[in-house]
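> sequence? don't have it. structure:
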């Protein structure tokens, strides 16, 4: 397979798998740590309106979703890429980081979570995924 096509497929696969992991964790999070009483987390408007009810424990699974989704996507992209494996892992990290930045503007999350999420969930785990995938 031509390296350019392989690299494009690596990015598409990394974004797809990372998104699936992210959403899977978000979907199970409510059954492990239930949302606060009276919080409507089924819509963006409901989430915005009830964000003040959330305690730190309610941010564990969103962080894990962002971190593990990025890690899985970056690992896969680096495994599939024809060359520059870590670079393609970091491309996945940038993609998910942009999503995280958009989330900061859309949801009124606490500042401590925004900083932790943006600084700790995306680029460090994309790099780690790339390093793990690059080991022979």
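Nice, I can see it. On a predicted model such as this, the values are computed, not experimentally measured, just so you know.
> what sits against the residue nearest to the spatial centre of the chain?
What sits nearest the mean C-alpha location of the chain, by Cα atoms, centre = their mean, is residue 66, with 2.6 Å. Residues counted as contacts of residue 66 (Cβ atoms under 8 Å, 6 or more residues apart in numbering) are 22, 96, 100, 117, 121-122. No exception for glycine: its C-beta is placed from N, CA and C like everyone else's.
> And for residue 4?
By Cβ under 8 Å, 6+ apart, residue 4 lies in contact with residue 82.
> Tell me the spacing between it and residue 124.
Spatial separation of residue 4 from residue 124 under the definition Cβ to Cβ, to the nearest Å is 28 Å.
> Which secondary structure elements does the lowest-mean-pLDDT helix or strand in the chain sit against?
Lowest by mean pLDDT, DSSP states H and E among the helices and strands of the chain is helix 44-50, with a mean of 88. In terms of contacts (3 or more Cβ pairs under 8 Å, 6 or more residues apart in numbering; DSSP states H and E), helix 44-50 is packed against no helix or strand at all.
> Only the buried residues of that helix, if you could.
With burial defined by 16 or more other Cβ atoms under 10 Å, the residues of helix 44-50 counted as buried are 47, 50.
> same deal with stretch 49-65?
By neighbour count, with 16+ other Cβ under 10 Å as the criterion, the buried positions of stretch 49-65 are 50-51, 54, 58-59, 61-62, 64-65.
> gap between it and the chain center?
Relative to the centre of its chain, stretch 49-65 is centred 15 Å away, using Cα atoms, centre = their mean, to the nearest Å.
> let's have the chain start at 58 instead
Sounds good: first residue 58 from here, last item stretch 106-122.
> what's the burial count for the residue nearest to residue 186 when sequence neighbours are not counted?
With Cβ to Cβ, 6 or more residues apart in numbering as the criterion, residue 186 has its nearest non-adjacent residue at 3.3 Å, and that residue is residue 131. A total of 34 residues lie near residue 131 under the criterion other Cβ atoms under 10 Å.
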